[in-house]
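1. let's see this in three dimensions:
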Amino acid sequence: MFDTLSDKLEGVFSKLRGRGRLTEEDVQAALREVRLVLLEADVNFKVVKDFTAAVRERALGQEVLKSLTPAQQVIKVVREEFGRIMGEGEDNGLDLAGRPPVPVILCGLQGAGKTTTCGKLARKLRKEKRNPLLVPADVYRPAAIEQLKTLGRQLDIEVFDTQPDQDPVKICQEAHRYAELNGFDTLILDTAGRLHIDQSLMEELHRIKEALDPREVLFVADAMTGQDAVNVARSFDEQLGLTGVVLTKLDGDARGGAALSIRAVTGKPIKLVGLGEKLDALEQFHADRMAQRILGMGDVLTLIEKAQSAVDEDKAAEMEKRMKKGGFSLEDFRDQLQMLKKMGSVDSLLKMVPGAGKAMKQMKNMQPPEKEMSKIEAIINSMTIKERHNHKILNGSRRLRIARGSGTSVQDVNQLLKRFVEAQKMMKKMQKMGPKGLKGMLGGGGFPM
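-> I've put the predicted structure just below:
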């Protein structure tokens, strides 16, 4: 989402890096460019004004201009101010304390992604050892009820039985009683949306809020709508009293204005962000990490968290034992790739690696990593168990059979075996580094691609 913004900011800062010393004129010129870049990214005008004023005040201080690395100091100030306007240092976790079942209302305009976000949130909470009940309260769109029921079946999470002719407030009250009697600790309410704000929608949401006294009232905003999402969020907050914001479609090609403006304009924290269509693509929002991504500094902490959630501990321990004995096989190689795929798309992972952005641009004409990984899996799956455990028996005729079975060429098979031998050499080096080296390899998808 922030690729264009990151590129333009990098262009501004590269001019500063080329100077040994900075003058006030240099900083002022750079800030004028930053201001234009942010306005082009659809960031709220007042937010841009306050942001550039704060950066100017700090960047023109003596500790920056007289520093040995003034350009880096200016970038550091910009990163910190980005974090500040997005709510860095605030507690943006969901408040689910209280007597169960704890109600959580998701509201917003039609098309923002409320229903899908409900499913994603239910999946996330279940991974956190909670027992959520999904409640379809949008009776004006029967398709939304069916969509939530479909998501519930996919996730194996119960959905309260709702009919389109029922009153939304009664649905929520009955769902609350049902959850209380059946051991659910969280109630996730998918409320109705409109194409625009109207009074009847707000009155209905008010009645639901009064009936259930929810711990969280989350506004679901489509990040692709930019400044419009910020204005709508402000209206919802004024009339309903929000506790937080969920930004969806943050993986799209929007300019980033909503993510950078919504916290500063509404005063409400961004609590969650949707980063894709898959049901596991919902993450807690971290302002400091997002600021680093915008400035092309990567996001190593999120990358580590993804690795930890993707790794099967038992399988990793078993693989580690085999590796210590020198038994790293093509089957292990395939399993490692599958762990990597669970973490998300390779492109999204590379963006979290500091400095990987430039490398990605240089590789833009190469085959997408996902297709390459699928090809590798197909080749290994076309081998017999004996061949996977002992690649040295793969003679010419066997390689031809494997190529035909996987829909690839003998050249592709040869290339895979070459990479595998390189991976084996790397594993031997990691063994010399001890347990930390092996665990780092297993958790981070560090094989040559």
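2. just give me the neighbour total for Asp213.
-> 9 (other C-beta atoms under 10 Å). C-beta coordinates here come from the backbone N, C-alpha and C atoms, glycine included.
3. what's the answer for Asn390, then?
-> 11.
4. how about the contacts made by it?
-> Listed by C-beta atoms under 8 Å, 6 or more residues apart in numbering, the contact set of Asn390 reads Ser329.
5. can you rerun that using 7 Å?
-> Residues near Asn390 by C-beta atoms under 7 Å, 6 or more residues apart in numbering: none.
6. go on, Ala175?
-> By C-beta under 7 Å, 6+ apart, the neighbours of Ala175 are Leu133, Val135, Phe160, Leu187.
7. go with 8 Å
-> Taking C-beta under 8 Å, 6+ apart, we find Ala175 in contact with Leu133, Val135, Phe160, Leu187, Leu189.
8. same question for Phe51.
-> Phe51 makes contact with Leu38, Val43, Glu81, Phe82, Ile85, according to C-beta under 8 Å, 6+ apart.
9. next, the buried residues of the helix or strand encompassing it.
-> Using DSSP states H and E, Phe51 falls within helix 45-59. Using 16 or more other C-beta atoms under 10 Å as the test for burial, helix 45-59 gives Val47, Val48, Phe51, Thr52, Ala54, Val55, Arg56, Arg58, Ala59.
10. check the contacts of Phe51 and tell me the two furthest apart.
-> Val43 and Glu81 (12.4 Å; C-beta to C-beta).
11. surely Val217 is in a strand?
-> Yes - when DSSP: H, G, I helix; E, B strand; the rest coil is applied, Val217 is found to be in a strand.
12. quick one: the strands in the chain?
-> 102-107, 132-136, 186-190, 216-222, 244-248, 270-274, 282-284 (DSSP state E).
13. which one of these lies nearest to Leu330?
-> Per C-beta to C-beta, nearest to Leu330 of the strands of the chain: strand 282-284, 33.1 Å.
14. the closest one: partners in the sheet, and parallel or antiparallel?
-> strand 270-274 (antiparallel) (DSSP bridges).
15. which one among the buried residues of helix 45-59 gets closest to Gly226?
-> Nearest member of those to Gly226, counting by C-beta to C-beta, is Val47, at 12.5 Å.
16. can you report how many residues lie near the closest residue to Leu16 other than its chain neighbours?
-> In space, and not counting its chain neighbours, Leu16 is closest to Ala71: 4.0 Å by C-beta to C-beta, 6 or more residues apart in numbering. When counting by other C-beta under 10 Å, one arrives at 22 neighbours for Ala71.
17. who are the contact partners of Ala71?
-> Per C-beta under 8 Å, 6+ apart, neighbours of Ala71: Phe13, Leu16, Arg17, Arg19, Leu22.
18. filter these down to the ones in helices?
-> Under the assignment DSSP state H, the contacts of Ala71 contribute Phe13, Leu16, Arg17 to helices.
19. now the contacts of Phe51: which count as buried?
-> Leu38, Val43, Glu81, Phe82, Ile85.
20. of all these, which comes closest to Gly93?
-> Closest approach to Gly93 among the buried ones among the contacts of Phe51 (C-beta to C-beta): Ile85, at 19.7 Å.
21. got the contact list for the residue nearest to the closest one when sequence neighbours are not counted?
-> Among residues not flanking Ile85 along the chain, Ala264 sits closest, at 4.7 Å (C-beta to C-beta, 6+ apart). By C-beta under 8 Å, 6+ apart, the contact set of Ala264 is Asn44, Lys46, Val47, Asp50, Ile85, Met86.
22. now pLDDT and distance to Arg388 too, for the residues you listed, in CSV please.
-> Formatted as CSV, the contacts of Ala264 follow (pLDDT from 0 to 100; distance: C-beta to C-beta, whole Å):
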residue, pLDDT, distance to Arg388
Asn44, 83, 56
Lys46, 87, 61
Val47, 87, 55
Asp50, 88, 59
Ile85, 83, 52
Met86, 83, 47
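23. model confidence for the residue lying closest to Ala97 once chain neighbours are set aside, exactly?
-> Take Ala97 and drop its neighbours on the chain: the residue closest to it by C-beta to C-beta, 6+ apart is Arg215, 7.0 Å away. Looking at Arg215, its pLDDT is 90.
24. show me the contacts for Arg215.
-> Neighbours of Arg215 in contact, by C-beta under 8 Å, 6+ apart: Leu94, Asp95, Leu96, Ala97, Gly98, Val102, Pro103, Val104, Thr243.
25. one more: Cys107?
-> Contacts of Cys107 by C-beta under 8 Å, 6+ apart are Lys114, Thr191, Gly193, Leu205, Val217, Leu218, Phe219, Val220, Phe236, Leu240.
26. ok, now with 7 Å
-> Cys107 neighbours (C-beta under 7 Å, 6+ apart): Thr191, Leu205, Val217, Phe219, Val220, Phe236, Leu240.
27. do the same with Ala54
-> Glu81.
28. any idea how far it lies from Leu260?
-> Counting by C-beta to C-beta, to the nearest Å, the separation of Ala54 from Leu260 is 14 Å.
29. got it, and Ile75?
-> Taken as C-beta to C-beta, the span from Ile75 to Leu260 is 17 Å.
30. so for the two, which residue has more residues nearby?
-> Higher neighbour count among Ile75 and Leu260: Leu260, with 26 against 21, using other C-beta under 10 Å.
31. need phi/psi at the closest residue in space to the more buried one that isn't next to it in sequence.
-> Closest residue in space to Leu260, ignoring its immediate chain neighbours: Val43 at 4.8 Å, by C-beta to C-beta, 6+ apart. Per-residue torsions, Val43: phi -80, psi 140 (degrees, to the nearest 10).
32. now do the contacts for Val43.
-> Counting by C-beta under 7 Å, 6+ apart, Val43 makes contact with Gly257, Leu260, Ser261.
33. got any ranges where the stretch 1-150 of the chain has weak pLDDT?
-> 1-4, 18-20, 62-70 (pLDDT under 70).
34. all helices of it, in order?
-> 3-17, 24-40, 45-59, 62-65, 70-85, 114-127, 142-155 (DSSP state H, counting those that start in this stretch).
35. what's the answer for the stretch 151-300 of the chain, then?
-> 168-181, 199-212, 227-240, 257-266, 287-294, 300-310.
36. mean pLDDT for the ones you listed - can I get that in JSON lines?
-> Formatted as JSON lines, those follow (pLDDT from 0 to 100):
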{"stretch": "helix 168-181", "mean pLDDT": "94"}
{"stretch": "helix 199-212", "mean pLDDT": "89"}
{"stretch": "helix 227-240", "mean pLDDT": "84"}
{"stretch": "helix 257-266", "mean pLDDT": "81"}
{"stretch": "helix 287-294", "mean pLDDT": "75"}
{"stretch": "helix 300-310", "mean pLDDT": "54"}
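37. just these: most buried one?
-> Stretch with highest mean neighbour count among those: helix 257-266 (a mean of 26; mean count of other C-beta atoms under 10 Å).
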